[in-house]
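Student: Everything below, folded, please.
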Amino acid sequence: MRTALVVVALWGAHAFGDQKVTFALHDRVPLVANKVGPYTNPSETYSYYSLPFCAPDEVAHQGHNLGEYLSGDRKVLTPYDLRFRTNVDWAALCDAELDQAQVQQLANAIEEDYFFEFFLDGLPLWGFVGDSDETDPILADVSGEARHTYLYKHLHFSIAHNNGNIVGVNLTTDASSRELLKTDDPSGMSITFSYSSEWHAVDTPWEDRMTTFDERHQLPTPLEVHWLSIINSLVLVVLLTACLAIILLRIVNHDFAIAGEMESGEAIEDEISWKLLHADVFRLPSGLNLLTAFVGAGSHLFATTLIIIVAAVTGIIHVSRRGAVISSLVVVYTLTTAIGGFVSARLYRKLRGDAGHSWAWNILLSILVFPAVIGTAFVAANSTAFAHGSSQAVPFGTILLVLGGFVVIGVPLGVVGGAVGRRTLPYKPPARPSARARAIPSPPIWHSFPVQLFLAGFLPFSAISIELHFLFAAVWGHKVYTLFGILLIVFALLTVVCASIVVGLVYFQLASEDYRWWWRSFLCGGMVGVFIFAYAVFFYHGHTDMTGLLQASFFFGYMASVAAAFFLMFGAVGFTAAFAFVHTIYGLSKSE
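Tutor: Next comes the predicted model:
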């Protein structure tokens, strides 16, 4: 318990916002460098001093929170001498003597559109290392024309302050003082790096400085587009809810009792057929242990996602704080493992009764199934990052911290939740399964399993596709996503759409005299995850310029993990909705 409280305290320190720093006149304001890398590959980053920039005699590394380490941040102090409210027209940073290999290294970085990232009092700054001629490199090779690359050797800082606090900063590169890189000179080059600074007073409160930053760097999309996405989802919800209500009303109104008065023979057949399955519909499926573990894992992920989004909406998590969301995800997921263990063990106990020692395996499955997926993706991506010397490679100590926290805190909490969940009474279905299973007729093509899977994935995905595009553009780009209120609405609508579709598909499946709804309800609910991964592949090839093994390993590895999370989450939603629906309609049928 004490360990868990320490973890929560550390999480709060990293997630609830920046620490306010007040400067006096002429105080030095440290400029922190973070990383460099190709602009088109957001996950391919390297330490700032991997390029031959001006470095102090001893490189001083800054502290990082958990989310920053996992995001590939590696902050170091720079020798820039910026003084509070002290304008500098021009100052030399250093005279760098570069050999030919270092000049070529800078030229290669510029050709690949390398950018760098700075932090001034916690505010991020970005700039490009240099630029090159507009001449196409292929045409240049054919014509023999040299392609020139230029280094930005002078940086200008425009800094806003208010009552001793820094509330804004802007970085510009001076194209007029750029340096032509002579890669063919064996003697190398001598380059003088320089900077200038300008301070100006503003009325922006310190508490609102990140709001201003977010507005400048968020996606340039009108808010109306997001609301259009929500309206589109609402229309789908209304249609699906209406269909579900019609189905339930037919059952409640005892259409079976008046079926003889109806003129549609097909309607009568549908009404009769699902009721004929009362002796088979509660027959337990094969792989029940695995199914209940998946439902528990999905419930755990659903609770974690909901907590994070609500915390971001209410301001409990300061989303602009570097690494806050990732730190919160790790901590909340670890502290809520009891939910997965409880749901899995309770459901398994209700359906199976006393199953000996299988309950222990059931609980462990629910705890470990998703960590196994994301752990595999992490090992692949992290190994690739280590091989490339990228700053995205997570240090071994951080890996031990996350793994140790999950083993020491998460697993015991999951076991405790499972032990509590086992203390439940066995489930009493409205009808007992018969000794002999009923033969299942061949369904019409529109009731077939592949068609159901497609509909179960496509319709929920269509409800979130617009917002999903904006989210992808922010996560895999260089923009900030701040519309967590809209994200909460979309998440709620997706839940309703998914549950409604699965219930409708289960009804039509039962009407086709197919009682195997257990696994099918879970798989249909989880199909939205498959569509999300398919969209990720399309987004990678159609909307980005990402290239290389390193970037691909991060993108596809972590998008596969996200897709697996959605598969488990909404598989659990679909199963839960279908279970309640089947129990309700056969309970009503029994009362007739």
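Student: quick one: pLDDT of I258?
Tutor: pLDDT for I258: 46.
Student: Which parts of this protein belong to which domain?
Tutor: 22-208, 287-428 (automatic domain parsing).
Student: can you give me the strands for the stretch 101-250 of the chain?
Tutor: With DSSP state E, counting those that start in this stretch as the criterion, the stretch 101-250 of the chain has strands at 114-120, 123-128, 130-132, 149-151, 154-162, 165-173, 179-180, 189-201.
Student: Report the residue spans of this structure with pLDDT below the cut-off.
Tutor: 1-18, 134-146, 211-226, 247-248, 250-272, 353-357, 435, 589-592 (pLDDT under 70).
Student: Quick check: the gap between S442 and L403.
Tutor: 49 Å (CB to CB, to the nearest Å). C-beta here means a position set from N, CA and C on the backbone, and glycine is covered the same way.
Student: Next one: L403 from L568, what distance?
Tutor: Distance from L403 to L568, by CB to CB: 21 Å.
Student: of those two, who's got more company?
Tutor: For L403 versus L568, neighbours defined as other CB atoms under 10 Å are more numerous around L568 (29 against 13).
Student: And the more buried one, which helix or strand is it part of?
Tutor: L568 belongs to helix 549-591 when assigned by DSSP states H and E.
Student: I'd like the distance from that helix to the chain centre, please.
Tutor: Distance of helix 549-591 from its chain centroid, counting by CA atoms, centre = their mean, to the nearest Å, is 16 Å.
Student: Which elements pack onto that helix?
Tutor: Under the contact definition 3 or more CB pairs under 8 Å, 6 or more residues apart in numbering; DSSP states H and E, helix 549-591 sits against helix 223-252, helix 288-314, helix 358-388, helix 484-511, helix 518-542.
Student: quick one, the second one and helix 549-591 angle?
Tutor: Put plainly, it is helix 288-314. With axes from the mean of the first three to the mean of the last three CA atoms, to 10 degrees as the basis, helix 288-314 and helix 549-591 are set at 110 degrees to each other.
Student: Over to the shortest one?
Tutor: Put simply, helix 518-542 runs at 150 degrees to helix 549-591, going by the same axes, to 10 degrees.
Student: Next, the angle helix 484-511 makes with helix 518-542.
Tutor: Here helix 518-542 runs at 130 degrees with respect to helix 484-511, directions being taken by the same axes, to 10 degrees.
Student: Ok, the third one next?
Tutor: For the pair helix 358-388 and helix 484-511, the angle between their directions (the same axes, to 10 degrees) equals 130 degrees.
Student: what do you get for the second one?
Tutor: Orientation note: helix 288-314 sits at an angle of 150 degrees relative to helix 484-511 (the same axes, to 10 degrees).
Student: Check which residues of helix 288-314 are buried.
Tutor: For helix 288-314, burial by neighbour count (16 or more other CB atoms under 10 Å) applies to 288-309, 311-313.
Student: can you check the fourth one too?
Tutor: By neighbour count, and taking 16+ other CB under 10 Å as the criterion, the buried residues in helix 484-511 are 484, 486-491, 493-511.
Student: The residue nearest to V502 when sequence neighbours are not counted and V416: what is the separation?
Tutor: Among residues not flanking V502 along the chain, G574 sits closest, at 3.7 Å (CB to CB, 6 or more residues apart in numbering). Distance check for G574 against V416: by CB to CB, it reads 27 Å.
Student: same check, this time on P430
Tutor: From P430 to V416 the distance is 33 Å (CB to CB).
Student: Repeat that for P30.
Tutor: 45 Å.
Student: And Y39, by the same measure?
Tutor: Distance, Y39 to V416, using CB to CB: 47 Å.
Student: ok, now M559?
Tutor: To V416, M559 is 33 Å away according to CB to CB.
Student: and those two? which has more neighbours close in?
Tutor: More crowded of M559 and V416, by other CB under 10 Å: M559, with 21 against 15.
Student: Phi first, then psi, for P433.
Tutor: In terms of degrees, to the nearest 10, the main-chain angles of P433 are phi -70, psi 140.
Student: Contact partners for it?
Tutor: P433 makes contacts with A279, D280, F282, R283, L284, as judged by CB atoms under 8 Å, 6 or more residues apart in numbering.
Student: for P285, same thing?
Tutor: Counting by CB under 8 Å, 6+ apart, P285 touches L291, R516, W518, W519.
Student: Tell me the buried residues within those residues.
Tutor: L291, R516, W518, W519.
Student: Now the two most distant members of these.
Tutor: Among these, the pair separated by the greatest distance (CB to CB) is L291 and R516, at 12.0 Å.
Student: what secondary structure does the nearest residue in space to P79 that is not next to it in sequence sit in?
Tutor: Leaving aside its chain neighbours, P79 sits nearest to P56 (4.9 Å; criterion: CB to CB, 6+ apart). Assigned by DSSP: H, G, I helix; E, B strand; the rest coil, the conformation of P56 is coil.
Student: For P56, give its distance to E97.
Tutor: P56 is 17 Å from E97, by CB to CB.
Student: Over to G457?
Tutor: 60 Å.
Student: Comparing those two, which shows the higher neighbour count?
Tutor: Shown here are G457 and E97; by other CB under 10 Å, G457 has more neighbours (25 against 11).
Student: Helix or strand for that one, just tell me which one.
Tutor: Short version, using DSSP H and E: G457 is in helix 449-475.
Student: repeat for W90
Tutor: Counting by DSSP H and E, W90 is found in strand 88-98.
Student: how about that strand: buried residues?
Tutor: Within strand 88-98, the residues scored as buried using 16+ other CB under 10 Å are V88, L93, A96, L98.
Student: give the contact list for the second one.
Tutor: Shown in contact with L93 (CB under 8 Å, 6+ apart): C54, P79, Y80, T192, F193, S194, Y195.
Student: In contact with the last one, which residues?
Tutor: Taking CB under 8 Å, 6+ apart as the definition of contact, the neighbours of Y195 are Y80, V88, W90, A91, L93, H154, L155, H156, F157.
Student: which of those lies closest to L550?
Tutor: L155 (27.6 Å).
Student: was I right about the closest one contacting G127?
Tutor: Yes. Between L155 and G127 there is a contact at 6.8 Å, judged by CB atoms under 8 Å.
Student: between those two, what contacts are shared?
Tutor: L171, T172, T173.
Student: hang on, the last one packs against L151?
Tutor: No. In this structure, T173 sits apart from L151 without contact. The criterion is CB under 8 Å, and the distance is 9.9 Å.
Student: neighbour count winner among those two?
Tutor: Taking other CB under 10 Å, T173 and L151 do not tie; L151 has more neighbours (23 against 17).
Student: beta partners of the more buried one?
Tutor: G130, E179 (DSSP bridges).
Student: Now for it: which residues touch it?
Tutor: L106, I110, V129, G130, R178, E179, L181, I191.
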